[in-house]
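1. the following block contains a protein sequence and its predicted model.
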Amino acid sequence: MTIIKTILRRLGAPVRAEASGREVEDELQFHIELRTRDNIAAGMSPEDAVADAMRRFGDLENIRAVCEEIRRERLAGVMKMAKGLIWIMLGCGLTLKLAAQVDAMRLVGHFLILIAILWRLLIHLREMQPDLRRIMAAEQPAPSVIHSIDLSVGGFAEAPPTSVPAYDKDGRTPVERLISDESSGATTK
Amino acid sequence: MAQSKQNLIQGTLAMLILRALARGPLHGYEIAQRIQQSSEDVLKVEEGSLYPALYRLEGQGWVEAEWGASENNRRAKYYKLTRAGRKQLAVETSNWERLSEAIAKVLQTA
């Protein structure tokens, strides 16, 4: 069942492709916003909090571009697979339609052809949509990540990080600590 | 002892992300927090670098993402480990343990 769910999720990716561009933006913005709120809760001024959040995040434009590129490559792969499946479905449908001796099987053939055509049409429409959106977006100013951060809500305070040595009292490295702590947490859970 | 703030060794970030997700779904910020807190602030992840790594892990099928509501009711993208990701984590953890044991032996004998 999980395998079927995974396949369906992956094949559905082209349909979600148009939304994903905005999702990268939303995800990165959400991160910076949370860091900003934590900074404010720890006593920074809003301006310093935003500046620190941006500094910790790194090169936002570059990271966004890399994420978009990875997403595009993945979608291209999924799209190729989906188109391959459509051809297989179409082939099976036509074979059943022309060669099947039983009406029920011919009906299945018709159904497969219909699904393949609809699926291909849907992908085609989604492929066209980004162009339309780009044209529409060109008429509106691009949103600024920093200006859209909502600084009004605090409450994410946590203690500021404490200074610790690279090795703990048992001589473990940070990674070893991470692994053993997580393992013990998982077993107690 | 002076505090040692170390950059993450190239390639270990994926393992740390997978490990952070082993206990349940987290969004990107929580993953960064989890890694930093678990390492007691020794490992400082450049926070933005998490996202390309997460997207690659998603592409490899080791994590999957789903949008949900965060603790402050904001829309957030949550990542969770897949079965393949869990296997990969076991492999990477084992490799890392072998490597660190080998290095420790060299340091003890050299």
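-> Received, thanks. Numbering: from 1, shown residues only, chains lettered A, B, ... in the order given.

2. any buried residues in the longest helix along chain A, and which?
-> Counting by DSSP state H, the longest helix found in chain A is helix A:60-99. Using 16 or more other Cβ atoms under 10 Å in any protein chain shown as the test for burial, helix A:60-99 gives A:60, A:63-64, A:66-67, A:70-71, A:74-75, A:78-79, A:82, A:86, A:89-90, A:93, A:96-97. All C-beta atoms are positioned from the backbone trio N, CA, C, and that covers glycine.

3. between helix A:60-99 and the helix or strand following that helix, find me the angle.
-> Following helix A:60-99 in sequence order, the next helix or strand is helix A:103-137 (DSSP states H and E). Angle of helix A:103-137 versus helix A:60-99, following axes from the mean of the first three to the mean of the last three Cα atoms, to 10 degrees, is 150 degrees.

4. okay, buried residues for helix A:103-137 please.
-> A:106, A:108, A:109, A:112, A:113, A:116, A:119, A:120, A:123, A:126.

5. other SSEs contacting the lengthiest helix in chain B?
-> Longest helix in chain B, counting residues (DSSP H): helix B:83-109. Applying 3 or more Cβ pairs under 8 Å, 6 or more residues apart in numbering or on different chains; DSSP states H and E, we find helix B:83-109 packed against helix A:174-188, helix B:12-20.

6. pretty sure residue B:89 is in contact with residue B:15, am I right?
-> Yes: Residue B:89 lies in contact with residue B:15 (Cβ atoms under 8 Å); the separation is 7.0 Å.

7. what's near enough to touch residue B:28?
-> By Cβ atoms under 8 Å, 6 or more residues apart in numbering or on different chains, the contact list for residue B:28 reads A:27, A:30, A:31, B:47, B:50, B:51, B:54, B:77, B:79.

8. please tell me how far the fourth one sits from chain A.
-> Yep, that's residue B:47 we're talking about. Distance, residue B:47 to chain A, by Cβ to the nearest Cβ, to the nearest Å: 5 Å.

9. among the contacts of residue B:28, which has the minimum pLDDT value?
-> Within the set of those, pLDDT is lowest for residue B:47 (88).

10. who's in contact with it?
-> A:31, A:35, A:56, A:57, A:58, B:28, B:29, B:32.

11. what about residue B:61, is that helix, strand or coil?
-> For residue B:61, the assignment made with DSSP: H, G, I helix; E, B strand; the rest coil gives coil.

12. since we're on the closest residue to it other than its chain neighbours, how many residues are nearby?
-> Excluding the flanking residues, the one nearest residue B:61 by Cβ to Cβ, 6 or more residues apart in numbering or on different chains is residue B:84, at 5.1 Å. Around residue B:84 there are 14 other residues, counting by other Cβ atoms under 10 Å in any protein chain shown.

13. again with residue A:102
-> 9.

14. hmm, back to that, looking at the contacts of residue B:28, which are in helices?
-> Per DSSP H, the subset of those in helices is A:27, A:30, A:31, B:50, B:51, B:54.

15. quick one: pLDDT of residue A:171?
-> In this prediction residue A:171 is given a pLDDT of 60.

16. sorry, wrong one. I was asking about residue A:186.
-> 51.

17. which of the contacts of residue B:28 count as buried?
-> Here, 16+ other Cβ under 10 Å leaves A:27, A:30, A:31, B:47, B:50, B:51, B:54, B:77, B:79 buried among the contacts of residue B:28.

18. low-confidence ranges in chain A?
-> A:1-21, A:129-189 (pLDDT under 70).

19. again, 50 this time
-> Along chain A, segments meeting pLDDT under 50 span A:1, A:14-15, A:17-18, A:142-165, A:189.

20. from residue A:97, how far off is residue A:109?
-> Computed as Cβ to Cβ, to the nearest Å, the residue A:109 to residue A:97 distance reads 4 Å.

21. over to residue A:128?
-> In terms of Cβ to Cβ, residue A:128 sits 29 Å off from residue A:97.
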